[in-house]
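>>> Output the structure for:
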Amino acid sequence: MLTDESRSHPMVSYLEVGLAGAVDLDCLAAALPAAYARHPLMAARIVPRWGRSPLWEPVATLPPLAVVTDPNRHLVPQGDEFLDLTASPGCRAAIETRGETSRILLFVHHACADALGMVAFVVDWLNAYGRAKGSGGDVPPELPPPDLDRLRSRADLAGVRSPHSFAERMEKVRKILHKARPKPLAGAVGNPVPVTPPGHCIRTLTAEEFQELQARSRAVGMTINDRLACAMLRTVLRWQEEHGPVDPRDLYRLIIPISRRTAEDRDLPACNKISYKFLARTAEAIRRPDLDAKVHEELDFLRRHRLQIVNVLKMINRFQRLRLTRWLLPPTKCFATAVLSNIGDVASVFSDRLPTRDGVWETAGLRVTSLACAPPRRPLTHNTVVAIGYGGTLTLSSRGDGRGLSYAATERFLGMLTGELVGAGS
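Numbering: from 1, shown residues only. Okay, the predicted model is just below:
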């Protein structure tokens, strides 16, 4: 996360949380330190150590809550989003209110938290806010202490052994990094353009569309994640065809973040505990009628054999400690066409931390109406999409900040993806 970032493409994300109801800003600001206490990486800086993993050191002054009246003035400017974690913590919290509606904007370095960790931080923050307000029937429960021991051992991969030989593993890495050359997404701008931060493009399925998608997926033994991956591949190909000729041999690769959390990580504080699946297909393979079955087979194997992901992560960790990451992943090389991240049904995951009604969190007169975010991207990965299950439906979000596609192009791509997903198998 630190060695593979640049000032033009920093490893940062916004989490955008929509709220309905009157917010007590003083109480919300007073509750923020409780969230930092439960998630210490969000209020820490990094102390580098040559040849070894860096140390995290708590900062003396916690980042405060910013009240936004002008997003272009009070939020981090797009051209200045690089966060130097050796100098300051990697979290900024802000809130923008407009009458009875508000939005929380959490700006976080990816080394401090993945998407699920960012959601956990906001949930615990609202839990502290709800308990401080302490009225009505929607007061959240008191939370158990954070499991700091699990946080300290989050990257421990000791004892993990691969069934493949060293030569086989190196050939796999060589193929991913050098042999296979995926095509970048066409039509990219390549530079930040003025949009109101954070510049999320958002599409939410209706409850009926989501229920139909679930039913169609179950009928053929597929998961929503399988459907998303197939829809993303088909959308990428359609996008390329609209922007010029496509060779049947052209390769397109998706990076699919995979959580390494287990049931024992229930109270794990916010951190980045993910690895990656590389899903690659040629244009010819995407056009084949057996794409759904083949992708399901590949992802199902992954779900049953997570060991493979962990072993790739061990090798990546070694590259990072030897400072080889920039050599292996230069910014001039397209490593992936796009990123697709599905963080699941977060309302059910955190249902014991906030009162939930109809799949939506409610506390102290506030109702969380929406969630959106997008992971960071490398220079030639021009689109990243996050899927979040919440409120009995599915929301897709992508950031149209011009580092890849423009805002208008991102809106169009996301619309094409939603249409492909909703129409899948119909």
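>>> which residues of the stretch 1-150 of the chain fall in strands?
Listed in chain order, the strands of the stretch 1-150 of the chain (DSSP state E, counting those that start in this stretch) span 12-20, 44-47, 55-58, 65-68, 91-98, 101-109.
>>> Distance-wise, check the nearest residue to P141 once chain neighbours are set aside relative to N127.
Of all residues not flanking P141 in the chain, D352 sits nearest, at 7.0 Å (CB to CB, 6 or more residues apart in numbering). C-beta coordinates here come from the backbone N, C-alpha and C atoms, glycine included. Distance, D352 to N127, by CB to CB, to the nearest Å: 10 Å.
>>> Tell me which of these two has more neighbours.
The neighbour count for D352 versus N127, taken as other CB atoms under 10 Å, is higher for N127 (25 against 13).
>>> What number of neighbouring residues does the nearest residue to the more buried one once chain neighbours are set aside come out with?
Distances taken as CB to CB, 6+ apart place P140 nearest to N127, at 4.3 Å, with adjacent residues excluded. By other CB under 10 Å, 23 other residues sit near P140.
>>> Pull out the buried positions in stretch 202-212.
By neighbour count on 16 or more other CB atoms under 10 Å, the buried set for stretch 202-212 is I202, R203, T204, L205, E209, F210.
>>> Quick check: the first one is in a strand.
Yes. Residue assignment for I202, taken from DSSP: H, G, I helix; E, B strand; the rest coil, places it within a strand.
>>> just to revisit the earlier point, distance to N342 and pLDDT for the buried residues of stretch 202-212 - can I get that in JSON lines?
Listed next are the buried residues of stretch 202-212 as JSON lines, based on distance: CB to CB, whole Å; pLDDT from 0 to 100:
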{"residue": "I202", "distance to N342": "15", "pLDDT": "96"}
{"residue": "R203", "distance to N342": "14", "pLDDT": "96"}
{"residue": "T204", "distance to N342": "15", "pLDDT": "96"}
{"residue": "L205", "distance to N342": "13", "pLDDT": "96"}
{"residue": "E209", "distance to N342": "16", "pLDDT": "96"}
{"residue": "F210", "distance to N342": "13", "pLDDT": "96"}
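>>> Kindly reformat these as a markdown table and extend each row with distance to P248.
As requested, these are exported to a markdown table (distance: CB to CB, whole Å):
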| residue | distance to P248 |
| --- | --- |
| I202 | 34 |
| R203 | 30 |
| T204 | 35 |
| L205 | 32 |
| E209 | 32 |
| F210 | 34 |
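>>> which SS class is G344?
strand.
>>> Angles on the backbone of the residue nearest to it when sequence neighbours are not counted, please.
Excluding its sequence neighbours, the residue lying closest to G344 (CB to CB, 6+ apart) is G389, at 5.7 Å. Here is the backbone geometry of G389 (degrees, to the nearest 10): phi -90, psi 120.
>>> G389 contacts V349, correct?
No. With contact defined as CB atoms under 8 Å, G389 does not count as touching V349 (9.2 Å).
>>> Neighbour count for these two, which is higher?
Between G389 and V349, counted using other CB under 10 Å, the more crowded position is G389 (20 against 17).
>>> Now do the same for G134: its pLDDT.
Listed pLDDT for G134 reads 79.
>>> Revised request: answer the last question for P194.
We have a pLDDT of 63 for P194.
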